[in-house]
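1. Sequence first, then the predicted structure, then my questions.
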Amino acid sequence: LLGPAGEPAPTIFAEMTALATRTGAINLGQGFPDEDGPDEVRDAAIAAIRGGANQYAPGRGVPVLLQAIAAHQERFYGLELDPDRDILVTAGATEALAATILALTASPDDEIVVFEPLYDAYAALAALSGARLRTVPLRFPDFQPDLDELARAVTDQTRLILVNDPHNPTGAVFTAEVRAEIVRLAERHGAIIVTDEVYEHLVFDAPHVPISTLPGAAARTLTISSAGKTFSTTGWKIGWVSGPAALVDAVLAVKQFLTYVNGTPFQSAVAVGLALPDAFFAGIADTLAAKRDLLGEGLRAAGFSVSTPAGSYFTITDAGPFLAAGQDAAEFCRVLPERAGVVGIPVTAFASPEHRSEYAGLVRFAACKRVDVIAEASARLRGLA
Ligand code: PMP
Ligand code: GLN
């Protein structure tokens, strides 16, 4: 977690956003939208602040949000949750992940099986808790796990299987077969499934399937999501975790000493968002799918090979043709602003030392930007050839 001189090393996202700011390059690195989300949600936050919702929230979350999360899970997925016992509001999905991992793992005897490339917080949080990570690689361009590799990774030492579906950084959506295998392995080895579904509404080809809807899964699954992506409010840091009451209680026991509570007026605004009509949710997926297509075309025209993501903000490219001898994607991304005026994130930043070489040529670009921004970035990247 620390740099060579003991200083806190910036995350790859902070580093690349700072690089974009310093060089004036287009930031297709860090995943945040460059346009605001729905007026109703932002207006509700302003009204809540003006209306005096400015003190500590109740420990599990503001009741209207707990009820809205339960209603959302029922409406989209047919899941029945008790708003008073099965849900905990957190400071973004990040705190939900932190409190969950800290609550449920403690030592290297507790293994966390996770898919790689992996979101940077997962490895950092495993390090904080002392748990050992076992990674299952996902490979360009379809990024589905090999079921034998998955089966070998899950053992009786496995405490958690940490899933991220849709997946950051690859944009992969797991197949029904992969999801079923995860549940089967968790049951066989007594593991808990923790599933980070922050991109649940940003899927392009088929409706999102939460792993907790699979037969046998709900009793052993904690599901994490966040308002950041769905309502374009990444700065509000309102997330939640839901699942069996006993597991949620364990997470609450840790969360209460991380932040105690968070974001009172934003919580009630997110409740308004979760109750928006279906057309809103279909609209954000369609808009992002069109941006994914535009970015994919632009990257292909610039000479990259591109994977077609089924969800999330992100597209992965193979930058192989543009790498100088001995250069990897991390070095390429550091000079890309100078060479082309664009910032991307090297997939090596999401890799374990063991598998880093498999991702050495891959770069992640974010599609959650304005159409004119994507078009301009594509034009700039064509200049690389
Ligand atoms: N998980 C994944 C897979 C993410 O991509 C992100 C953020 N982009 C988070 C968690 C963190 O979400 P939040 O900002 O709500 O903490
Ligand atoms: N999750 C976002 C991404 O993957 C950024 C989050 C962050 O900066 N920590 O780009």
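-> Looks like it came in fine. Bear in mind that the values here come from a model prediction, so they are computed numbers and not experimental data. Ligands and ions are numbered 1, 2, ... in the order given.
2. Look through the chain and tell me its longest helix.
-> Scanning the chain for the longest helix, with DSSP state H as the assignment, gives helix 278-301.
3. Packing partners of the helix or strand following that helix?
-> Sequence-wise, the next helix or strand downstream of helix 278-301 (DSSP states H and E) is strand 305-306. Counting contacts by 3 or more CB pairs under 8 Å, 6 or more residues apart in numbering; DSSP states H and E, strand 305-306 is packed against helix 278-301, strand 314-318. Using the backbone N, CA and C atoms, a C-beta is placed for each residue, glycine as well.
4. For residue 165, which of the ones you listed is the nearest?
-> Across the helices and strands packed on strand 305-306, residue 165 has its closest neighbour in strand 314-318 (13.5 Å, CB to CB).
5. Could you spell out the sheet neighbours of that closest one, each with its direction?
-> strand 305-306 (antiparallel), strand 362-366 (antiparallel) (DSSP bridges).
6. Any idea which of those strands gets closest to ligand 1?
-> For ligand 1, the closest of the strands paired with strand 314-318 is strand 362-366, at 9.8 Å, according to CB to the nearest ligand atom.
7. ok, back up a step: got the strands paired with strand 314-318 as CSV, with mean pLDDT, distance to ligand 2 and mean neighbour count columns?
-> CSV is the format used below for those (pLDDT from 0 to 100; distance: least, CB to the nearest ligand atom, whole Å; neighbours: other CB atoms under 10 Å):
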stretch, mean pLDDT, distance to ligand 2, mean neighbour count
strand 305-306, 98, 18, 18
strand 362-366, 98, 7, 28
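8. which stretch among these comes nearest residue 132?
-> Of all these, strand 362-366 comes closest under CB to CB, at 25.4 Å.
9. what about the residue nearest to residue 361 when sequence neighbours are not counted, how many residues close to it?
-> Distances taken as CB to CB, 6 or more residues apart in numbering place residue 320 nearest to residue 361, at 4.4 Å, with adjacent residues excluded. The number of residues packed near residue 320 is 14, by other CB atoms under 10 Å.
10. Look up phi and psi at residue 320.
-> With angles defined as degrees, to the nearest 10, residue 320 sits at phi -40, psi -50.
11. domains for this structure, by residue range?
-> Split into domains by automatic domain parsing, the chain comes to 12-30+279-382, 39-274.
12. Close to ligand 1: what parts of this protein are there?
-> Contacts of the chain with ligand 1, taken as CB under 6 Å from any ligand atom, map to 31, 92-94, 119, 164, 168, 196, 198, 226, 228, 234, 237, 239.
13. try 5 Å this time
-> Contact residues, the chain versus ligand 1 (CB under 5 Å from any ligand atom): 31, 92-94, 119, 164, 168, 196, 198, 226, 228, 239.
14. quick one, which of the helices and strands packed on strand 305-306 is nearest to ligand 2?
-> strand 314-318 (7.3 Å).
15. Please give me every residue in contact with residue 80.
-> Contact analysis of residue 80 by CB atoms under 8 Å, 6 or more residues apart in numbering lists 70, 73-74.
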